[in-house]
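> What follows is a predicted structure for the sequence shown.
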Amino acid sequence: MAEDDKTKTTISTPSAPGTNGRNGKNGKVGLVEQVTTTVKDDIQSLKTDIPSKAKEQIEGLKDPTKTQVYTSIFRHKHDDTPRNRALGVLSNVFLHLHPAKINRDAVRYSYTWGMGGITFYLFIILTYTGVLLMFYYHPSKVQAFRDVLYLEHDVPFGKILRNMHRWAAHLMVIAVWLHMFRVFLTGSYKKPREFNWNIGVLLLVFTLLLSFTGYLLPDDQLGFWAVTVGTNMARATPLLGHEGPFGPQLGMTPYNDVRFGLLGGSIVDANALLRSYIWHCIGIPIVASVLMIVHFWRVRKDGGISGPAPVMLTEEADKPRRGPKAAGE
Amino acid sequence: MDWRQLWEICSAPDNVPIVGLIPLLIFYIYLAVRQARANDQLIAQLEADPAMAKTHHRKTWPFKAGWQKEVHVWPFLLRVEFLGAIIVTIILMIWSITLNAPLEEPANPNLTMNPAKAPWYFLGLQEMLVYFDPWIAGVVMPTMIIIGLMVIPYIDTNPLGSGYYTWKQRRFSISTFLFGFIIMWVSMILIGTFIRGPGWQWFWPGQTWDHNRLIYEVNRDLPDIFGITSNLGKGIFGAIVVGGFYMLGGGAVYSLFRRRMPKDFQRMSLLQFSLMTFLWLTMVALPIKMGLRLLWHIKYVWITPWFNI
């Protein structure tokens, strides 16, 4: 094959005339001859090479996992071997939060209730539906309420989009509470997970704040009065609110206290709507995402999920669990 | 019985999550109690039989020699997560198709909603406004709840019950948390949602909301009962009462804790113990103050020119 190729190249290369004995004396005849031979040769090769290449191609398609495209995406084989099962988790950016193997009892639903994962999944749903809602929403007094009406009545699937965002938010609050409840009941905040419990408490606070800032955005009576009631409490902040203990003594008025800072004004109005919107869509999600990263990271670093661990007996409470002393020396 | 009123409250779209919360809580408490009981039985069994304790795998689920202790995440965990995601998606889909998110009239500062309720998850705090001034109910309490939750791992020195459900090994911490979460947080939300009507007045389920109802309540302050009239006297009296609550309460907690839970007491440092006592007494102060108000119509205990408690 390789030698054939060489010959052909020589024939069809115009830069090397005269090197081949078959060239006629007349240059023009030689050229025609050359072209004819080349074309004939090409036709010949079409008959043989292309079918064989096509066959090769079809053979290759029978096992797509061997194609270059596939192997460039998936970095390992997927035969059902323990090694590949582990690699499937470890070499995947979305799954690598998980260890390759876990305690056989840790997959039991009755222990974890799955509430942490459900919370995270709801956060993803909320981000997704929230971004879609942002395409239709203007955070201004003139348009906000009309945009919600528009979403409800004219935007294709707008109603289900808004409904889903709302119900997922409520469900997320419930899931966070149940997650915390479970973590408490299983004593999972105990050493070495104290710090992660704290991150979790902050995430709980941010979940509530996310929901609360979103409440105002439809700019209807429900949101307006809920946020009015909520932020009126800030008037009474000790030291920093104009109706709070020692607030007036420190020079707090409705126009410079902490509530003014939250609302961007002394009443719930256009500035409050804009501030809510920015906290809701940008500020808090970024902070919460960073905390979530830390939260998940620490779950792994603190030794994976806490259990179900073997029960401890009362007399073992003050004994070291590991090391030579634990062995009774 | 005004069924229509009851239905209106229960079917208000934003109240549906709270209606759903009740069976969810009941189910998960049942799940926890069942496992805690099984574990407690196992613990009792192992404590009675030291030989068994040395060889037992210490879980209530069966385990046989030769079984692998660990399983692959792919597929054993991921399939559960995938299934969970699908189920949540289906629930959300059905919920979103069948129930519309509430949208009322455009915001109107001149038309006050009555009752004007905070979002449901803050109704516990709003309910507290009945019994406390806004600076306590709206600012100090949430701050204390957050701080209190955050210090839990640092003041709970009991090493038992880490990673498994149990009741007998952690009676105090679990009952405290249940008190705070179920009684003080969830049930206040339920009251705020289902009971409170116009004027934030108490309407039993099924009782028609009467927007014109007036209740004449004469609230007194604690110093008045003792005939203290001067501002200085009221201030000093209140400080003594509140300080006395923490002193006497602290003494009671000390006395009980030392006797009932000597091991936990031994493990705790002075700072841990005093923090725990302070937070615990503060939490207990809420129902006490509520009781004072409901039973004897006492509004304030401590009156100063700057703040009232």
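In hand now; what should we look at? Remember, it's a predicted structure, so these values are computed and weren't measured experimentally. Residues are numbered from 1 along each chain as shown, chains lettered A, B, ... in the order given.
> Okay, now the unreliable bits of the chain?
Just going to use chain A. A:1-28, A:320-329 (pLDDT under 70).
> Not counting its neighbours along the chain, what's nearest A:Val258?
Spatial nearest neighbour of A:Val258, excluding adjacent residues (CB to CB, 6 or more residues apart in numbering or on different chains): A:Leu240 at 4.1 Å. Just so you know, the C-beta spots here come from the backbone N, C-alpha and C atoms, and that holds for glycine as well.
> Spatially nearest residue to the one residue in the stretch 151-300 of chain A that gets nearest to chain B, not counting backbone neighbours?
Across the stretch 151-300 of chain A, the shortest distance to chain B (CB to the nearest CB) belongs to A:Met233, at 2.6 Å. Spatial nearest neighbour of A:Met233, excluding adjacent residues (CB to CB, 6+ apart): B:Gly138 at 2.6 Å.
> Where does that neighbour sit: helix, strand or coil?
On the three-state scheme (DSSP: H, G, I helix; E, B strand; the rest coil), B:Gly138 is labelled helix.
> neighbours around it, how many?
Using other CB atoms under 10 Å in any protein chain shown, B:Gly138 has 28 neighbouring residues.
> Between the two ends of stretch B:58-66, how far is it?
Start and end residues of stretch B:58-66 are separated by 16 Å (CA to CA, to the nearest Å).
> hmm, who's touching that stretch?
A:105, A:108, A:308, A:310-311, B:35, B:38-39, B:41-42, B:46, B:57, B:164 (CB atoms under 8 Å, 6 or more residues apart in numbering or on different chains).
> Now that we have those, which of them are buried?
Listed as buried from the contacts of stretch B:58-66 are A:Asp105, A:Pro308, A:Val311, B:Gln35, B:Ala38, B:Asn39, B:Leu42, B:Leu46, B:Tyr164; burial here means 16 or more other CB atoms under 10 Å in any protein chain shown.
> show me the contacts for the third one.
If a contact means CB under 8 Å, 6+ apart, then A:Val311 has B:Asn39, B:Leu42, B:Ile43, B:Leu46, B:Arg58, B:Lys59, B:Tyr164, B:Thr166 as its contacts.
> gap between it and B:Lys64?
According to CB to CB, to the nearest Å, A:Val311 and B:Lys64 sit 18 Å apart.
> what do you get for the second one?
Distance of A:Pro308 to B:Lys64, computed by CB to CB: 17 Å.
> quick revisit: where does the residue of the stretch 151-300 of chain A closest to chain B sit, in terms of helix or strand?
Using DSSP states H and E, A:Met233 sits in helix A:221-235.
> Check B:Val33 too.
Secondary structure assignment for B:Val33, by DSSP H and E: helix B:16-48.
> In PDB, please show the C-alpha coordinates belonging to stretch A:77-85.
What follows is stretch A:77-85, C-alpha atoms only, in PDB (Å, rounded to 0.1, in the frame of the first residue of the first chain):
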ATOM      1  CA  LYS A  77     -14.100   2.500  30.600                       C
ATOM      2  CA  HIS A  78     -17.400   1.600  31.900                       C
ATOM      3  CA  ASP A  79     -17.200  -2.200  32.100                       C
ATOM      4  CA  ASP A  80     -18.900  -3.300  35.300                       C
ATOM      5  CA  THR A  81     -15.800  -3.700  37.400                       C
ATOM      6  CA  PRO A  82     -15.300  -2.300  41.000                       C
ATOM      7  CA  ARG A  83     -12.600   0.000  39.700                       C
ATOM      8  CA  ASN A  84     -14.800   1.500  37.100                       C
ATOM      9  CA  ARG A  85     -17.700   1.900  39.500                       C
END
